[in-house]
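**Student:** based on what follows, work out the 3D shape:
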Amino acid sequence: MNILAHLHLATLANSSLIGNTVADFVKGDAYRQYPKEIADGIMLHRRIDRLIDSFAEVKQAKLLFRQSHQRVAPITLDIIWDHFLSKYWAEFNAKQSLSSFNTFTKLQIQPYIANYPVDYQDFMGAMWRGEWLVNYASVDFIGNVLNGMAKRRPKLYLLSDTFIDFEQNYTPLKTLFFELYPKMCSLIKVSNIAD
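**Tutor:** Residues are numbered from 1 along each chain as shown. So this is what the prediction gives:
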């Protein structure tokens, strides 16, 4: 899951938005570094990432990528899932527009952001300025995201090419998303994944 999904799932779990978004910028034992509420959010983020990789739908989705690109397919899939969540946001949160949700996340996180790593501050600032959560709905924006990631991390240069796999398999990927994401939402709401 990528940033939009983690933010959405955190709200369903009544979990810390900061914890769920700073997780990728934190190494080691979160409880030794942050207050319990934040550390609980970091741990939820990590559990979601482990769980999602075990789903049959994710394994099927990886097979839609060319074999030469399957090493980076999980990264691309995280971005793709945010594309579908952004595009079909109203089906998962009919009470709040995605633009309003973007503003809500900023109001919840921004006042405290100086207490967290600078790279996290930069990432979240860029996300809000660029309205990524809303723009993920655009296929062209997804292409730009993958190209940007490939340029910033030369070892992941294949990411830019995975856009072809995304476009060629758009319909089956959409189908897999609609099988996968409601399951994640249900697990968050009814199970102890957030505990």
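
**Student:** phi, psi of Phe65?
**Tutor:** Backbone torsions of Phe65, given as degrees, to the nearest 10, read phi -90, psi 150.

**Student:** that one is in contact with Ala73, isn't it?
**Tutor:** Yes: using Cβ atoms under 8 Å, Phe65 makes contact with Ala73 at a distance of 4.2 Å. In short, each C-beta sits where N, CA and C put it, glycine included.

**Student:** name the residues contacting each of these two.
**Tutor:** Shared between the contact lists of Phe65 and Ala73 (criterion: Cβ atoms under 8 Å, 6 or more residues apart in numbering) are residues Thr162, Asp165.

**Student:** host element of Asp82?
**Tutor:** Assignment of secondary structure by DSSP states H and E places Asp82 within helix 73-87.

**Student:** to clarify, my last question referred to Lys95.
**Tutor:** Using DSSP H and E, Lys95 maps to neither a helix nor a strand.

**Student:** could I get the buried residue list for stretch 24-44?
**Tutor:** Taking 16 or more other Cβ atoms under 10 Å as the neighbour-count basis, stretch 24-44 is seen to contain the buried residues Asp24, Phe25, Val26, Ala30, Tyr34, Ile38, Ala39, Asp40, Gly41, Ile42, Met43, Leu44.
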